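Novice: Sequence and predicted structure, then a few things I'm wondering about:
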Amino acid sequence: MAESGNAPSDANAECVGPTSESAGKSSDCDGCPNQKACSSGEFSSPEAKLKEQEKKRALGRSFENVSHVVLVLSGKGGVGKSTLASQICHTLASRGFAVGLLDVDLCGPSAPRMVGVAHEGAVVHRSGSGAWTPVYASPNLAVMSISFLLPDSNAAVVWRGPRKNALIEQFLTDTDWEGDTGGIDYLIIDTPPGTSDE
């Protein structure tokens, strides 16, 4: 099993990791779309390593204005993750903290509705730097969700792992949490059920 973050997003569940000595050669690699690239060493090339380092730096830069991150997760759906995430946000915001809610449950983005942000009129804009500006439920409660990028509140997202993972990564690296508060005290991340492939 590959280290977390080491395997390509569309790799087999049993991935040994692209930098492993048996990458692309192990029986766990059979049928993987990356088998040829792994066996050739493509993922461990100097260019690939530089690209991975830049991704890590971009993630670090995106969290420079975030003091604390709270990840709300479970391996099961329907247990109240979005409810808990929204209640944490409301509580912290009511106590004067600057709070961000990042809804990465792409197939069931309910968190914005739970913090009182209606789909109608809620639009994500690009800032001057090219980053996404979240929607504000209140002056100190910012929300980012795929629901703001869909044409209507009943639209469905039926993406597979690599595309979902790319959007989650983009939410993490391209959202401007600085806003009028100069940053946020708490970023609450509402995660998917864990029963999908992201």
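Specialist: It's in.

Novice: Quick check: which ranges of this protein have low pLDDT?
Specialist: 1-10, 12, 119, 195-198 (pLDDT under 70).

Novice: Could you name the helices and strands sitting against the longest helix anywhere in the chain?
Specialist: Determined from DSSP state H, the single longest helix within the chain is helix 46-62. The contact analysis (3 or more CB pairs under 8 Å, 6 or more residues apart in numbering; DSSP states H and E) places helix 46-62 against helix 161-174. The C-beta positions use only the backbone N, C-alpha and C, and glycine is treated the same way.

Novice: Quick check: buried residues in the helix it packs on?
Specialist: By neighbour count on 16 or more other CB atoms under 10 Å, the buried set for helix 161-174 is 164-165, 167-168, 171-174.

Novice: Same question for stretch 13-22.
Specialist: Residues of stretch 13-22 classed as buried: 15-20 (neighbour count, 16+ other CB under 10 Å).

Novice: What is the most widely separated pair among those?
Specialist: Greatest spacing in the buried residues of stretch 13-22, by CB to CB: Cys15 and Thr19 (11.0 Å).

Novice: Now distance to Asp185 and secondary structure too, for the buried residues of stretch 13-22, in a markdown table please.
Specialist: As requested, the buried residues of stretch 13-22 are exported to a markdown table (distance: CB to CB, whole Å; DSSP: H, G, I helix; E, B strand; the rest coil):
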| residue | distance to Asp185 | secondary structure |
| --- | --- | --- |
| Cys15 | 37 | coil |
| Val16 | 40 | coil |
| Gly17 | 36 | coil |
| Pro18 | 37 | coil |
| Thr19 | 37 | coil |
| Ser20 | 40 | coil |
